[in-house]
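1. build me a model from this:
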Amino acid sequence: MMTGQQVADQAQAFFDRGELRQALARRVAMATESQNPQGRESLLRYLQTEIAPALSAMGFTCELLGNPVQADCPFLLAERQEGDGLPTLLCYGHGDVVFGQAEHWREGLQPWALLEEGDRWYGRGSADNKGQHTINFAALQQVYQARGGRLGFNCKILFEMGEEISSPGLAEICRQYQQRLAADIFIASDGPRLSAERPTLFLGSRGSINFRLSLQARQQAYHSGNWGGLLSNPAIQLANAVACLVNEQGQIQVNALKPPALSAGLKALLSDIPFEPQPGDPPIDPHWGEAGLSPVERVYGWNSLEVLSFLAGDPAKPVNAIPPCATAVCQLRFVVGTDWQACGQYLRRHLDSHGFEQVEVEVLSSSLATRFDPESPLVAWALQIMQQASGKKPVLLPNIGGSLPNEVFADILQLPTLWVPHSYPACGQHGANEHMLKSIAREGLQIMTRLYWELGESGEHVLQLLGKEAGK
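-> Okay, here's the model as predicted:
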(Lines give C-alpha, C1' and ligand atoms only; values in the text may rest on other atoms or scores of the structure.)
Protein backbone atom coordinates (compact mmCIF):
# COMPACT_ATOMS: atom_id res chain seq x y z
CA MET A 1 0.00 0.00 0.00
CA MET A 2 1.37 3.40 -0.99
CA THR A 3 1.75 6.29 1.45
CA GLY A 4 0.68 9.86 0.93
CA GLN A 5 4.28 10.89 0.37
CA GLN A 6 4.80 8.20 -2.26
CA VAL A 7 1.71 9.34 -4.15
CA ALA A 8 2.94 12.95 -3.96
CA ASP A 9 6.31 11.78 -5.33
CA GLN A 10 4.46 10.02 -8.14
CA ALA A 11 2.64 13.29 -8.93
CA GLN A 12 5.95 15.13 -8.94
CA ALA A 13 7.37 12.66 -11.47
CA PHE A 14 4.23 13.08 -13.61
CA PHE A 15 4.85 16.82 -13.68
CA ASP A 16 8.58 16.50 -14.38
CA ARG A 17 7.88 14.23 -17.37
CA GLY A 18 5.93 17.09 -18.93
CA GLU A 19 2.57 15.32 -18.92
CA LEU A 20 0.69 18.09 -17.15
CA ARG A 21 2.16 20.63 -19.56
CA GLN A 22 1.01 18.55 -22.54
CA ALA A 23 -2.56 18.45 -21.28
CA LEU A 24 -2.58 22.17 -20.58
CA ALA A 25 -1.11 22.98 -24.00
CA ARG A 26 -3.98 21.12 -25.73
CA ARG A 27 -6.55 23.00 -23.67
CA VAL A 28 -4.98 26.45 -24.10
CA ALA A 29 -5.00 25.87 -27.87
CA MET A 30 -8.82 25.86 -27.85
CA ALA A 31 -10.18 29.42 -28.10
CA THR A 32 -13.05 28.99 -25.65
CA GLU A 33 -14.08 32.65 -25.42
CA SER A 34 -17.51 32.75 -23.79
CA GLN A 35 -17.50 36.54 -24.23
CA ASN A 36 -17.43 36.05 -28.01
CA PRO A 37 -20.88 34.99 -29.32
CA GLN A 38 -19.32 34.00 -32.65
CA GLY A 39 -16.92 31.53 -31.03
CA ARG A 40 -19.13 29.63 -28.64
CA GLU A 41 -19.17 26.41 -30.68
CA SER A 42 -15.76 25.72 -29.13
CA LEU A 43 -17.33 25.59 -25.64
CA LEU A 44 -19.18 22.32 -26.28
CA ARG A 45 -16.15 20.89 -28.06
CA TYR A 46 -13.96 21.57 -25.02
CA LEU A 47 -16.28 19.49 -22.85
CA GLN A 48 -16.53 16.70 -25.41
CA THR A 49 -12.86 16.39 -26.37
CA GLU A 50 -10.98 17.41 -23.21
CA ILE A 51 -13.02 17.19 -20.03
CA ALA A 52 -15.32 14.22 -20.57
CA PRO A 53 -12.54 11.90 -21.87
CA ALA A 54 -10.21 12.78 -18.98
CA LEU A 55 -12.90 12.03 -16.40
CA SER A 56 -14.30 8.97 -18.16
CA ALA A 57 -10.81 7.45 -18.03
CA MET A 58 -11.13 7.54 -14.24
CA GLY A 59 -14.50 5.82 -14.24
CA PHE A 60 -16.68 8.89 -14.05
CA THR A 61 -20.09 8.85 -15.69
CA CYS A 62 -20.33 12.09 -17.67
CA GLU A 63 -23.49 13.86 -18.79
CA LEU A 64 -23.83 17.09 -20.76
CA LEU A 65 -26.47 19.38 -19.27
CA GLY A 66 -28.29 22.02 -21.25
CA ASN A 67 -28.05 25.54 -19.92
CA PRO A 68 -31.54 26.85 -19.07
CA VAL A 69 -30.40 30.47 -19.38
CA GLN A 70 -27.64 30.56 -22.04
CA ALA A 71 -28.11 27.66 -24.44
CA ASP A 72 -24.63 27.85 -26.01
CA CYS A 73 -22.81 27.70 -22.66
CA PRO A 74 -23.30 24.03 -21.65
CA PHE A 75 -22.50 22.25 -18.40
CA LEU A 76 -21.00 18.84 -17.69
CA LEU A 77 -21.86 16.75 -14.64
CA ALA A 78 -19.48 13.88 -13.85
CA GLU A 79 -20.19 11.34 -11.10
CA ARG A 80 -18.25 8.48 -9.53
CA GLN A 81 -19.91 6.52 -6.71
CA GLU A 82 -17.65 4.14 -4.77
CA GLY A 83 -19.58 3.46 -1.58
CA ASP A 84 -22.47 4.65 0.56
CA GLY A 85 -20.31 4.98 3.67
CA LEU A 86 -17.66 7.14 2.01
CA PRO A 87 -17.50 10.95 1.99
CA THR A 88 -18.69 12.65 -1.19
CA LEU A 89 -16.60 15.41 -2.70
CA LEU A 90 -18.00 18.02 -5.11
CA CYS A 91 -15.49 19.71 -7.42
CA TYR A 92 -15.94 22.59 -9.85
CA GLY A 93 -14.12 24.21 -12.74
CA HIS A 94 -14.74 26.28 -15.85
CA GLY A 95 -13.25 25.95 -19.31
CA ASP A 96 -14.27 29.28 -20.81
CA VAL A 97 -11.88 32.22 -20.96
CA VAL A 98 -12.07 35.96 -21.66
CA PHE A 99 -11.17 37.42 -25.06
CA GLY A 100 -7.71 36.42 -26.24
CA GLN A 101 -6.71 40.04 -26.99
CA ALA A 102 -3.86 38.81 -29.23
CA GLU A 103 -2.97 42.33 -30.35
CA HIS A 104 -1.94 43.28 -26.82
CA TRP A 105 0.39 40.35 -26.08
CA ARG A 106 4.13 40.83 -26.03
CA GLU A 107 6.07 39.97 -29.17
CA GLY A 108 6.70 36.23 -29.34
CA LEU A 109 3.60 35.36 -27.29
CA GLN A 110 0.09 34.49 -28.39
CA PRO A 111 -3.03 33.57 -26.42
CA TRP A 112 -3.74 30.21 -28.07
CA ALA A 113 -0.34 28.55 -27.80
CA LEU A 114 1.34 27.56 -24.54
CA LEU A 115 4.85 29.01 -24.48
CA GLU A 116 7.39 28.31 -21.76
CA GLU A 117 9.80 31.00 -20.60
CA GLY A 118 11.74 30.32 -17.42
CA ASP A 119 9.20 29.65 -14.65
CA ARG A 120 6.25 30.78 -16.75
CA TRP A 121 3.74 29.04 -19.00
CA TYR A 122 2.10 31.73 -21.14
CA GLY A 123 -1.32 31.30 -22.74
CA ARG A 124 -4.92 32.38 -22.31
CA GLY A 125 -6.52 30.30 -19.58
CA SER A 126 -3.20 29.09 -18.20
CA ALA A 127 -4.12 30.76 -14.89
CA ASP A 128 -7.88 31.15 -15.25
CA ASN A 129 -9.07 28.40 -15.19
CA LYS A 130 -7.59 25.80 -17.53
CA GLY A 131 -4.33 25.50 -15.63
CA GLN A 132 -6.14 25.18 -12.32
CA HIS A 133 -8.58 22.44 -13.28
CA THR A 134 -5.86 20.63 -15.24
CA ILE A 135 -3.85 20.42 -12.00
CA ASN A 136 -6.84 19.12 -10.05
CA PHE A 137 -7.81 16.49 -12.61
CA ALA A 138 -4.18 15.32 -12.77
CA ALA A 139 -4.17 15.01 -8.96
CA LEU A 140 -7.33 12.89 -9.08
CA GLN A 141 -5.61 10.75 -11.71
CA GLN A 142 -2.58 10.17 -9.44
CA VAL A 143 -4.80 8.96 -6.59
CA TYR A 144 -6.96 6.85 -8.91
CA GLN A 145 -3.90 5.07 -10.29
CA ALA A 146 -2.20 4.68 -6.91
CA ARG A 147 -5.27 2.95 -5.48
CA GLY A 148 -5.56 0.61 -8.45
CA GLY A 149 -8.64 2.20 -10.02
CA ARG A 150 -10.24 3.76 -6.92
CA LEU A 151 -10.29 7.19 -5.32
CA GLY A 152 -11.37 6.09 -1.86
CA PHE A 153 -14.27 8.56 -1.83
CA ASN A 154 -17.28 9.44 -3.95
CA CYS A 155 -16.73 12.32 -6.32
CA LYS A 156 -18.91 14.65 -8.37
CA ILE A 157 -17.68 17.37 -10.70
CA LEU A 158 -19.74 20.26 -12.03
CA PHE A 159 -18.04 21.96 -14.95
CA GLU A 160 -19.30 25.10 -16.66
CA MET A 161 -18.46 27.09 -19.79
CA GLY A 162 -19.84 30.52 -18.90
CA GLU A 163 -18.05 31.71 -15.77
CA GLU A 164 -16.48 34.66 -17.56
CA ILE A 165 -19.94 35.98 -18.46
CA SER A 166 -21.18 35.73 -14.86
CA SER A 167 -22.13 32.02 -14.88
CA PRO A 168 -25.57 32.20 -16.54
CA GLY A 169 -27.63 29.16 -15.55
CA LEU A 170 -25.30 27.95 -12.79
CA ALA A 171 -27.75 28.71 -9.98
CA GLU A 172 -30.62 27.17 -11.95
CA ILE A 173 -28.60 24.01 -12.64
CA CYS A 174 -27.73 23.67 -8.95
CA ARG A 175 -31.39 23.99 -7.98
CA GLN A 176 -32.57 21.60 -10.72
CA TYR A 177 -29.95 18.95 -9.90
CA GLN A 178 -29.70 19.60 -6.18
CA GLN A 179 -30.08 15.94 -5.22
CA ARG A 180 -27.49 14.73 -7.70
CA LEU A 181 -25.08 17.43 -6.56
CA ALA A 182 -25.50 16.59 -2.88
CA ALA A 183 -22.10 16.15 -1.21
CA ASP A 184 -20.27 16.41 2.10
CA ILE A 185 -17.50 18.80 1.11
CA PHE A 186 -16.66 21.17 -1.76
CA ILE A 187 -13.06 21.70 -2.91
CA ALA A 188 -12.19 23.73 -6.02
CA SER A 189 -9.50 26.00 -7.43
CA ASP A 190 -9.89 29.48 -8.91
CA GLY A 191 -8.61 32.94 -8.20
CA PRO A 192 -5.08 33.79 -7.01
CA ARG A 193 -3.02 32.86 -3.99
CA LEU A 194 -2.16 35.64 -1.60
CA SER A 195 1.32 35.59 -3.16
CA ALA A 196 3.35 33.32 -5.42
CA GLU A 197 5.28 31.90 -2.47
CA ARG A 198 2.42 31.10 -0.10
CA PRO A 199 -0.07 28.25 -0.61
CA THR A 200 -3.48 29.68 0.16
CA LEU A 201 -6.83 28.39 1.36
CA PHE A 202 -9.84 30.68 1.16
CA LEU A 203 -13.35 29.95 2.36
CA GLY A 204 -15.59 32.22 0.33
CA SER A 205 -15.72 35.59 -1.36
CA ARG A 206 -16.99 39.09 -0.89
CA GLY A 207 -20.30 39.83 -2.53
CA SER A 208 -20.94 42.74 -4.87
CA ILE A 209 -23.82 45.00 -5.80
CA ASN A 210 -23.63 47.25 -8.84
CA PHE A 211 -26.04 50.17 -8.90
CA ARG A 212 -26.67 53.19 -11.10
CA LEU A 213 -27.34 56.70 -9.84
CA SER A 214 -28.89 59.03 -12.41
CA LEU A 215 -30.25 62.54 -12.52
CA GLN A 216 -32.24 63.91 -15.46
CA ALA A 217 -32.64 67.68 -15.02
CA ARG A 218 -33.99 68.56 -18.47
CA GLN A 219 -34.12 67.28 -22.04
CA GLN A 220 -31.25 69.24 -23.57
CA ALA A 221 -28.07 71.12 -22.77
CA TYR A 222 -28.02 74.91 -22.42
CA HIS A 223 -25.22 77.43 -22.99
CA SER A 224 -23.20 77.80 -19.80
CA GLY A 225 -22.61 81.52 -20.40
CA ASN A 226 -26.27 82.35 -20.78
CA TRP A 227 -27.63 79.94 -18.19
CA GLY A 228 -24.77 79.23 -15.80
CA GLY A 229 -25.80 80.15 -12.27
CA LEU A 230 -29.49 79.90 -13.20
CA LEU A 231 -29.92 76.24 -14.15
CA SER A 232 -29.00 73.38 -11.84
CA ASN A 233 -26.08 71.30 -13.08
CA PRO A 234 -26.91 67.57 -12.74
CA ALA A 235 -23.22 66.63 -12.84
CA ILE A 236 -22.50 68.83 -9.83
CA GLN A 237 -25.57 67.57 -8.03
CA LEU A 238 -24.71 63.95 -8.69
CA ALA A 239 -21.10 64.47 -7.60
CA ASN A 240 -22.39 65.78 -4.29
CA ALA A 241 -24.84 62.89 -4.01
CA VAL A 242 -22.00 60.41 -4.44
CA ALA A 243 -19.97 62.34 -1.86
CA CYS A 244 -22.71 61.87 0.71
CA LEU A 245 -22.43 58.07 0.20
CA VAL A 246 -18.64 57.80 0.39
CA ASN A 247 -16.35 60.59 1.56
CA GLU A 248 -13.09 62.00 0.24
CA GLN A 249 -11.13 59.24 2.04
CA GLY A 250 -13.14 56.36 0.60
CA GLN A 251 -15.09 55.77 3.83
CA ILE A 252 -18.70 54.61 3.52
CA GLN A 253 -21.13 57.14 5.01
CA VAL A 254 -24.24 54.94 4.90
CA ASN A 255 -24.13 53.10 8.21
CA ALA A 256 -26.61 50.46 7.02
CA LEU A 257 -24.18 49.44 4.26
CA LYS A 258 -21.33 48.74 6.67
CA PRO A 259 -20.71 45.20 7.99
CA PRO A 260 -20.75 44.24 11.66
CA ALA A 261 -17.59 45.11 13.55
CA LEU A 262 -14.79 42.58 13.09
CA SER A 263 -15.03 39.83 15.69
CA ALA A 264 -12.05 39.01 17.85
CA GLY A 265 -11.61 35.72 16.00
CA LEU A 266 -11.68 37.36 12.58
CA LYS A 267 -9.25 40.07 13.70
CA ALA A 268 -6.88 37.40 14.98
CA LEU A 269 -7.10 35.48 11.69
CA LEU A 270 -6.49 38.59 9.58
CA SER A 271 -3.61 39.71 11.79
CA ASP A 272 -1.74 36.55 10.74
CA ILE A 273 -1.96 37.49 7.06
CA PRO A 274 1.00 39.56 5.87
CA PHE A 275 0.43 42.55 3.62
CA GLU A 276 3.13 42.05 1.02
CA PRO A 277 2.89 44.17 -2.15
CA GLN A 278 4.10 42.22 -5.17
CA PRO A 279 6.20 43.47 -8.09
CA GLY A 280 3.95 45.44 -10.41
CA ASP A 281 1.37 46.24 -7.72
CA PRO A 282 0.40 49.92 -7.41
CA PRO A 283 1.44 51.68 -4.20
CA ILE A 284 -1.53 51.84 -1.83
CA ASP A 285 -2.88 55.10 -0.44
CA PRO A 286 -2.28 54.64 3.30
CA HIS A 287 -5.11 56.93 4.43
CA TRP A 288 -7.75 55.54 2.06
CA GLY A 289 -10.58 53.37 3.35
CA GLU A 290 -12.16 52.67 6.72
CA ALA A 291 -10.28 54.33 9.57
CA GLY A 292 -8.73 52.13 12.23
CA LEU A 293 -8.40 49.05 10.00
CA SER A 294 -5.25 47.53 8.53
CA PRO A 295 -4.98 47.11 4.74
CA VAL A 296 -5.67 43.38 5.10
CA GLU A 297 -8.76 44.05 7.23
CA ARG A 298 -10.09 46.52 4.65
CA VAL A 299 -9.85 44.00 1.80
CA TYR A 300 -10.93 40.79 3.52
CA GLY A 301 -13.02 41.94 6.48
CA TRP A 302 -14.78 45.15 5.44
CA ASN A 303 -16.93 46.73 2.73
CA SER A 304 -15.89 49.22 0.06
CA LEU A 305 -17.97 51.52 -2.14
CA GLU A 306 -16.45 52.46 -5.47
CA VAL A 307 -17.46 54.69 -8.40
CA LEU A 308 -16.87 52.64 -11.56
CA SER A 309 -17.94 55.31 -14.06
CA PHE A 310 -19.26 58.86 -14.08
CA LEU A 311 -20.75 60.43 -17.19
CA ALA A 312 -22.09 63.91 -17.98
CA GLY A 313 -22.03 65.71 -21.30
CA ASP A 314 -19.54 64.44 -23.91
CA PRO A 315 -16.14 63.82 -22.23
CA ALA A 316 -14.42 63.28 -25.60
CA LYS A 317 -15.77 66.56 -27.07
CA PRO A 318 -16.82 68.87 -24.24
CA VAL A 319 -18.78 71.97 -25.14
CA ASN A 320 -19.64 75.10 -23.18
CA ALA A 321 -23.00 73.87 -22.02
CA ILE A 322 -24.71 72.70 -18.85
CA PRO A 323 -25.39 68.98 -19.41
CA PRO A 324 -29.02 67.85 -19.15
CA CYS A 325 -28.26 64.68 -17.19
CA ALA A 326 -25.58 62.72 -15.34
CA THR A 327 -25.13 59.08 -14.41
CA ALA A 328 -22.73 57.16 -12.19
CA VAL A 329 -22.33 53.39 -11.89
CA CYS A 330 -21.15 52.40 -8.44
CA GLN A 331 -20.29 49.14 -6.71
CA LEU A 332 -20.52 47.92 -3.14
CA ARG A 333 -18.16 45.07 -2.27
CA PHE A 334 -19.37 43.50 0.95
CA VAL A 335 -18.62 40.73 3.42
CA VAL A 336 -20.85 38.29 5.26
CA GLY A 337 -23.17 40.02 7.73
CA THR A 338 -24.05 42.97 5.49
CA ASP A 339 -27.79 43.55 4.91
CA TRP A 340 -27.16 43.62 1.17
CA GLN A 341 -30.69 42.74 0.05
CA ALA A 342 -31.98 46.11 1.26
CA CYS A 343 -29.14 48.05 -0.39
CA GLY A 344 -31.45 49.94 -2.75
CA GLN A 345 -33.73 50.98 0.12
CA TYR A 346 -30.81 52.17 2.24
CA LEU A 347 -29.40 54.21 -0.64
CA ARG A 348 -32.79 55.78 -1.32
CA ARG A 349 -33.33 56.68 2.33
CA HIS A 350 -29.83 58.13 2.73
CA LEU A 351 -30.02 60.25 -0.43
CA ASP A 352 -33.45 61.57 0.52
CA SER A 353 -32.25 62.53 3.98
CA HIS A 354 -29.45 64.58 2.37
CA GLY A 355 -31.72 66.41 -0.05
CA PHE A 356 -31.10 64.32 -3.17
CA GLU A 357 -34.66 63.14 -3.79
CA GLN A 358 -34.21 63.83 -7.52
CA VAL A 359 -31.42 61.24 -7.88
CA GLU A 360 -32.74 57.90 -9.14
CA VAL A 361 -31.32 54.62 -7.80
CA GLU A 362 -31.30 51.43 -9.86
CA VAL A 363 -29.75 48.17 -8.61
CA LEU A 364 -28.17 46.48 -11.64
CA SER A 365 -26.72 43.20 -10.37
CA SER A 366 -25.70 41.46 -7.19
CA SER A 367 -23.85 38.43 -5.90
CA LEU A 368 -23.92 36.96 -2.41
CA ALA A 369 -21.05 37.14 0.10
CA THR A 370 -19.97 33.76 1.49
CA ARG A 371 -17.60 32.55 4.18
CA PHE A 372 -17.28 29.04 5.60
CA ASP A 373 -16.47 29.00 9.31
CA PRO A 374 -12.69 29.51 9.67
CA GLU A 375 -12.82 27.73 13.05
CA SER A 376 -14.29 24.53 11.61
CA PRO A 377 -12.08 21.48 12.28
CA LEU A 378 -12.38 20.72 8.55
CA VAL A 379 -10.36 23.87 7.83
CA ALA A 380 -7.63 22.78 10.25
CA TRP A 381 -7.58 19.35 8.55
CA ALA A 382 -7.06 20.91 5.12
CA LEU A 383 -4.41 23.37 6.31
CA GLN A 384 -2.39 20.60 7.94
CA ILE A 385 -2.34 18.55 4.75
CA MET A 386 -1.39 21.58 2.66
CA GLN A 387 1.54 22.28 4.99
CA GLN A 388 2.69 18.67 4.86
CA ALA A 389 2.54 18.65 1.06
CA SER A 390 4.31 21.97 0.50
CA GLY A 391 6.57 22.32 3.54
CA LYS A 392 5.18 25.85 3.94
CA LYS A 393 2.66 27.37 6.32
CA PRO A 394 -0.39 28.12 4.16
CA VAL A 395 -2.30 31.37 4.32
CA LEU A 396 -5.93 31.13 5.46
CA LEU A 397 -8.21 33.81 4.00
CA PRO A 398 -11.78 34.00 5.37
CA ASN A 399 -12.79 35.16 1.89
CA ILE A 400 -11.14 36.71 -1.12
CA GLY A 401 -11.61 40.39 -1.84
CA GLY A 402 -13.22 39.72 -5.23
CA SER A 403 -16.11 37.51 -6.19
CA LEU A 404 -16.62 33.94 -7.38
CA PRO A 405 -19.86 31.98 -7.93
CA ASN A 406 -19.35 30.42 -4.50
CA GLU A 407 -22.85 31.35 -3.36
CA VAL A 408 -24.40 28.53 -5.40
CA PHE A 409 -22.32 25.97 -3.52
CA ALA A 410 -22.48 27.60 -0.08
CA ASP A 411 -26.08 28.85 -0.21
CA ILE A 412 -28.05 26.68 -2.64
CA LEU A 413 -26.19 23.39 -2.04
CA GLN A 414 -25.35 24.23 1.59
CA LEU A 415 -21.78 22.91 1.41
CA PRO A 416 -18.62 23.74 3.34
CA THR A 417 -16.49 25.42 0.68
CA LEU A 418 -12.68 25.17 0.48
CA TRP A 419 -10.84 26.92 -2.36
CA VAL A 420 -7.17 26.14 -3.07
CA PRO A 421 -5.95 28.50 -5.83
CA HIS A 422 -3.04 27.75 -8.16
CA SER A 423 -2.42 31.19 -9.65
CA TYR A 424 -0.95 34.37 -8.16
CA PRO A 425 -1.80 38.10 -8.26
CA ALA A 426 0.54 39.06 -11.12
CA CYS A 427 -0.56 36.22 -13.43
CA GLY A 428 -2.04 38.56 -16.07
CA GLN A 429 -5.51 37.13 -15.61
CA HIS A 430 -8.02 38.79 -18.00
CA GLY A 431 -5.21 40.80 -19.59
CA ALA A 432 -2.33 40.29 -22.00
CA ASN A 433 0.50 37.84 -21.30
CA GLU A 434 -1.53 35.63 -18.95
CA HIS A 435 0.64 32.91 -17.44
CA MET A 436 0.89 30.20 -14.83
CA LEU A 437 4.04 29.76 -12.76
CA LYS A 438 5.50 26.26 -13.18
CA SER A 439 6.62 26.32 -9.55
CA ILE A 440 3.04 26.92 -8.37
CA ALA A 441 1.68 24.28 -10.75
CA ARG A 442 4.14 21.70 -9.44
CA GLU A 443 3.44 22.57 -5.82
CA GLY A 444 -0.30 22.77 -6.47
CA LEU A 445 -0.27 19.27 -7.97
CA GLN A 446 1.41 17.90 -4.85
CA ILE A 447 -1.04 19.72 -2.55
CA MET A 448 -4.14 18.53 -4.39
CA THR A 449 -2.82 14.98 -4.66
CA ARG A 450 -2.27 14.86 -0.90
CA LEU A 451 -5.69 16.39 -0.18
CA TYR A 452 -7.46 13.81 -2.34
CA TRP A 453 -5.32 10.99 -0.98
CA GLU A 454 -5.99 11.89 2.65
CA LEU A 455 -9.72 12.28 1.95
CA GLY A 456 -9.69 8.66 0.83
CA GLU A 457 -7.50 7.57 3.74
CA SER A 458 -9.48 9.28 6.49
CA GLY A 459 -12.97 9.55 5.08
CA GLU A 460 -14.68 8.49 8.29
CA HIS A 461 -12.66 11.05 10.25
CA VAL A 462 -13.65 13.78 7.77
CA LEU A 463 -17.31 12.88 8.16
CA GLN A 464 -16.92 13.10 11.93
CA LEU A 465 -15.38 16.56 11.57
CA LEU A 466 -18.50 17.53 9.67
CA GLY A 467 -20.71 16.05 12.35
CA LYS A 468 -21.89 13.23 10.10
CA GLU A 469 -21.94 9.46 10.41
CA ALA A 470 -20.62 7.15 7.75
CA GLY A 471 -23.41 5.81 5.61
CA LYS A 472 -25.92 8.48 6.70
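2. in the stretch 351-472 of the chain, which spans are strands?
-> Shown for the stretch 351-472 of the chain, the strands assigned by DSSP state E, counting those that start in this stretch span residues 360-367, 370-371, 395-397, 417-419, 435-437.
3. which one of these lies closest to F14?
-> F14 lies closest, by C-beta to C-beta, to one member of the strands of the stretch 351-472 of the chain: strand 435-437, at 16.2 Å. C-beta: built from backbone N, CA, C; applies to glycine.
4. picking that back up, next, format the strands of the stretch 351-472 of the chain as a markdown table and append mean pLDDT, mean neighbour count and distance to R193.
-> Compiled in a markdown table, these are given as follows (pLDDT from 0 to 100; neighbours: other C-beta atoms under 10 Å; distance: least, C-beta to C-beta, whole Å):
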| stretch | mean pLDDT | mean neighbour count | distance to R193 |
| --- | --- | --- | --- |
| strand 360-367 | 95 | 15 | 22 |
| strand 370-371 | 96 | 22 | 18 |
| strand 395-397 | 96 | 22 | 7 |
| strand 417-419 | 98 | 24 | 10 |
| strand 435-437 | 98 | 26 | 10 |
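5. Q178 is nearest to which of those?
-> strand 417-419 (15.8 Å).
6. with H350 as the reference, measure out to the spatially most central residue of the chain.
-> What sits nearest the mean C-alpha location of the chain, by C-alpha atoms, centre = their mean, is L404, with 3.1 Å. For L404, the distance to H350 equals 29 Å [C-beta to C-beta, to the nearest Å].
7. same deal with L415?
-> When L415 is compared with H350 (using C-beta to C-beta), they lie 36 Å apart.
8. same deal with L465?
-> Relative to H350, and taking C-beta to C-beta, L465 is found at 44 Å.
9. can you check D339 too?
-> For D339, the distance to H350 equals 13 Å [C-beta to C-beta].
10. okay, and the common contacts of the two?
-> Listed as contacting both D339 and H350 by C-beta atoms under 8 Å, 6 or more residues apart in numbering are A256.
11. of these two, which one has the most company?
-> Shown here are D339 and H350; by other C-beta atoms under 10 Å, H350 has more neighbours (19 against 14).
12. contacts only, for the closest residue to G313 other than its chain neighbours.
-> Nearest non-adjacent residue to G313, counting by C-beta to C-beta, 6 or more residues apart in numbering: P323, 4.0 Å away. Residues near P323 by C-beta under 8 Å, 6+ apart: A221, N233, P234, A235, A312, G313.
13. out of those, who has the most neighbours?
-> Neighbour max across those (other C-beta under 10 Å) = P234, 24 neighbours.
14. export the contacts of P323 to CSV and tack on pLDDT?
-> Shown next, in CSV, are the contacts of P323 (pLDDT from 0 to 100):
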residue, pLDDT
A221, 97
N233, 98
P234, 98
A235, 98
A312, 97
G313, 96
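15. got the buried residues for stretch 158-165?
-> Buried positions in stretch 158-165, judged by neighbour count with 16 or more other C-beta atoms under 10 Å: L158, F159, E160, M161, G162, E163, E164, I165.
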